[in-house]
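Colleague: Pasting the sequence and the predicted model now:
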Amino acid sequence: MSIENRLYAVRYRVDDKSHLTIRDQAVCQTCPTRACEWFCPADVYAWDEGEGRILVAYENCLECGTCRIACAEHNIEWTYPTGGYGIAYKFG
């Protein structure tokens, strides 16, 4: 089964408030690798060349926590979503 098919089975209850925060966009502008665009399995992070900043699609977050440890600049703040919101995995 492809990753796209597996992600399709995941259900979300999206909160109005993001649980992911870029601490300082200036740090992202000078980041040599922008690894956040590559390590997230749900493509939550994307560089916007026109705006010169990282865009965060928190609605897609799988809550795996990879971004908490993989950002070499420690510029991503990750917290659990508000109770009752976030991801609901379907196993099987």
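Modeller: Ah, there it is. Predicted model only: the values in this text are computed from it and were never measured.

Colleague: Run through this structure and note the low-pLDDT ranges.
Modeller: Within the chain, the ranges that satisfy pLDDT under 70 run 91-92.

Colleague: For the residue nearest to the spatial centre of the chain, give me its contacts.
Modeller: Residue closest to the mean C-alpha point of the chain, counted by C-alpha atoms, centre = their mean, is V44 at 3.7 Å. With contacts defined as C-beta atoms under 8 Å, 6 or more residues apart in numbering, V44 is in contact with L20, V56, A57, Y58, N60, C61, C67. Yep, even glycine has a C-beta here, placed from its N, CA and C like the rest.

Colleague: Tell me the one of the residues you listed nearest Q29?
Modeller: Using C-beta to C-beta, V56 comes nearest to Q29 of the contacts of V44, at 15.0 Å.

Colleague: Which positions in stretch 11-18 come out as buried?
Modeller: S18 (16 or more other C-beta atoms under 10 Å).

Colleague: hmm, I was thinking of stretch 79-88
Modeller: P81, G86, I87.

Colleague: I'd assumed E63 was in contact with the first one.
Modeller: Yes - under the contact definition of C-beta atoms under 8 Å, P81 touches E63, with a separation of 7.3 Å.

Colleague: Next, the distance between the ends of stretch 35-43.
Modeller: Taking C-alpha to C-alpha, to the nearest Å, the first and last residues of stretch 35-43 lie 11 Å apart.

Colleague: Would you check the distance separating that stretch from the middle of the chain?
Modeller: 7 Å (C-alpha atoms, centre = their mean, to the nearest Å).
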